[in-house]
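J.: Sequence first, predicted coordinates after that:
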Amino acid sequence: MPGHRLTSRDRRRTQTMESPRTEQPRQVLPGVWELGAWLPVPGHGVLAVNSFVIQGPEPVLVETGLAALRTDWLQRLAGVIDPADLRWIWISHTDPDHLGNLAALLDIAPRAEVVTGFLGMGKMTLQGLPVDRVRLVAPGERLQLPDRELVALRPPYFDAPETLGFLDTRTRALFAADAFGALLPAPVEEAQAIPRATLRDGLLRWSALDAPWLGEMDAHAFGRKLRALEALAPSAILGGHLPAASDRTAELTGILAEAVHTQPTDVPAHELLERLAAAHSSAAQAP
Ligand SMILES: [Fe+2]
Ligand SMILES: [Fe+2]
């Protein structure tokens, strides 16, 4: 994008944060904790990177955070649960923002089995991760725990074919992996605090960036996926890239229905990155 000028919108979207950071864990549903983190996305603001702990007789960790934040993230986790007590680690897919601290966890959580699908297990092997503690699941299968079932499902969109979210039958929370993520202007504690226009803009820019194939999908076919999700009547959408969203499912699916008409998200060209870096550097030197 030669000659692309640094607009006030570009500056606004990139001056909120310059490096990833973790948040204090937050209980978002009874017995369910969100371990939040935020990642700056040049030219687009920030993206939540969430993990979750489900407490119970067989505690579950969902996703394993960013490797770049390992020390902080492990401390936050230890504030919620002794990792040695974890029984399950649910990996929705093998992207680095979901798998970042898995190897470290396997050492300090000796009872934990890793829940993933067949392709997920294959990709773990390719990354040099051990698979001797893997519990395979497929869409529609149920992981039976003493106090709940985790029903594996495919989210309405995803960026890796092994992706498996799930419905927790006890809280009826839907763990959505990359679906329902949103690029936001600044970190925010809960989805309820995001104005609708900001949420719409962020959801559509994220879905177009993370799953550009949605723009070529048949609107009726995608609508059927969204209706199927609504029929589950989730109490909350707990995704990897949006703060916990209680009672906003119809609004979220209504916005996402537009994703099939969305153009690909602009990403910064190298020249813009240089301009942003220069802008940050002069801002840092200002008295
Ligand atoms: Fe992903
Ligand atoms: Fe992700």
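T.: Arrived safely, thanks for sending. Ligands and ions are numbered 1, 2, ... in the order given.
J.: what about the residue lying closest to residue 137 once chain neighbours are set aside, how many neighbours?
T.: Nearest non-adjacent residue to residue 137, counting by Cβ to Cβ, 6 or more residues apart in numbering: residue 152, 4.5 Å away. Just so you know, the C-beta spots here come from the backbone N, C-alpha and C atoms, and that holds for glycine as well. Residues near residue 152, counting by other Cβ atoms under 10 Å, number 22.
J.: list the contacts for residue 204?
T.: 255, 256, 258, 259, 262 (Cβ atoms under 8 Å, 6 or more residues apart in numbering).
J.: Swap in 7 Å and give it another go.
T.: By Cβ atoms under 7 Å, 6 or more residues apart in numbering, the residues touching residue 204 are 255, 258, 259, 262.
J.: which SSE is it in?
T.: Using DSSP states H and E, residue 204 maps to helix 196-210.
J.: CA atoms of that helix as CSV?
T.: Provided in CSV are the C-alpha atoms of helix 196-210 (Å, rounded to 0.1, in the frame of the first residue of the first chain):
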residue,chain,number,x,y,z
ARG,A,196,-22.9,-2.3,19.6
ALA,A,197,-21.2,-0.3,16.7
THR,A,198,-17.8,-1.1,18.1
LEU,A,199,-18.7,-4.7,18.6
ARG,A,200,-20.0,-5.0,15.0
ASP,A,201,-16.9,-3.4,13.5
GLY,A,202,-14.6,-5.5,15.6
LEU,A,203,-16.4,-8.8,15.0
LEU,A,204,-16.5,-8.3,11.2
ARG,A,205,-12.9,-7.1,10.9
TRP,A,206,-11.8,-10.2,12.9
SER,A,207,-13.9,-12.7,11.0
ALA,A,208,-12.7,-11.3,7.7
LEU,A,209,-9.1,-11.5,8.9
ASP,A,210,-9.2,-14.9,10.6
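J.: Pretty sure the residue nearest to residue 137 sits in a helix.
T.: No - in this structure, residue 152 is strand, not part of a helix, as judged by DSSP: H, G, I helix; E, B strand; the rest coil.
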